[in-house]
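**Student:** Return atomic coordinates for the entry below.
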Amino acid sequence: MEVVPKDLNNIRACMMCSLLKNTEQFTLDGCDNCDQWLSLKNNRERVLECTSPNYEGMISLTNPDESWVARWQGIRGLVRGMYAISVMGKMPSHIQRELERQGIKYKSRDLGIK
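**Tutor:** Numbering: from 1, shown residues only. The predicted structure follows:
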């Protein structure tokens, strides 16, 4: 399976895995990597909280298990698709707490945040 933005308008990046899709795709299908934890599907408000329109660079990931770029970016083993190199912003704290309760450690994809 691969995920590619349908058009270049309203592209957003998942703050958890950096997958790029447009707002409509995230709302209709959720995040193909993270929806089991983030529950974005059919929840536009949640999509706007857990994704960002501000990102830098794009990676076309075609072989996620063997790609050195995927390993370097920390996206090895995810679905094939387009990924941001860096996603600006931070997941809201109430969602970070939800993730912690599920045993999921959130790591910011924003390379500008230390």
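**Student:** Could I get the full set of helices for the protein?
**Tutor:** In the chain, the helices defined using DSSP state H lie at 23-29, 35-38, 44-50, 68-73, 93-101.
**Student:** Quick one: closest of those helices to residue 62.
**Tutor:** Among those, the nearest to residue 62 by C-beta to C-beta is helix 68-73 (9.6 Å). To be clear about C-beta, it is placed using only N, CA and C from the backbone, and glycine gets the same treatment.
**Student:** Which strands or helices does the closest one pack on?
**Tutor:** Packed against helix 68-73, as judged by 3 or more C-beta pairs under 8 Å, 6 or more residues apart in numbering; DSSP states H and E, are the following elements: strand 55-61.
**Student:** ok, residues contacting the strand it packs on?
**Tutor:** 13, 18, 20, 67, 69-70, 73, 75, 78, 80-88, 111 (C-beta atoms under 8 Å, 6 or more residues apart in numbering).
**Student:** Look at the closest residue to residue 29 other than its chain neighbours and say how many residues are nearby.
**Tutor:** Among residues not flanking residue 29 along the chain, residue 41 sits closest, at 6.2 Å (C-beta to C-beta, 6 or more residues apart in numbering). Residue 41 has 14 neighbours, counted by other C-beta atoms under 10 Å.
**Student:** Can you find the helix or strand in the chain with the smallest mean pLDDT?
**Tutor:** Ranked by mean pLDDT, DSSP states H and E, the weakest helix or strand in the chain is strand 2-3, scoring a mean of 62.
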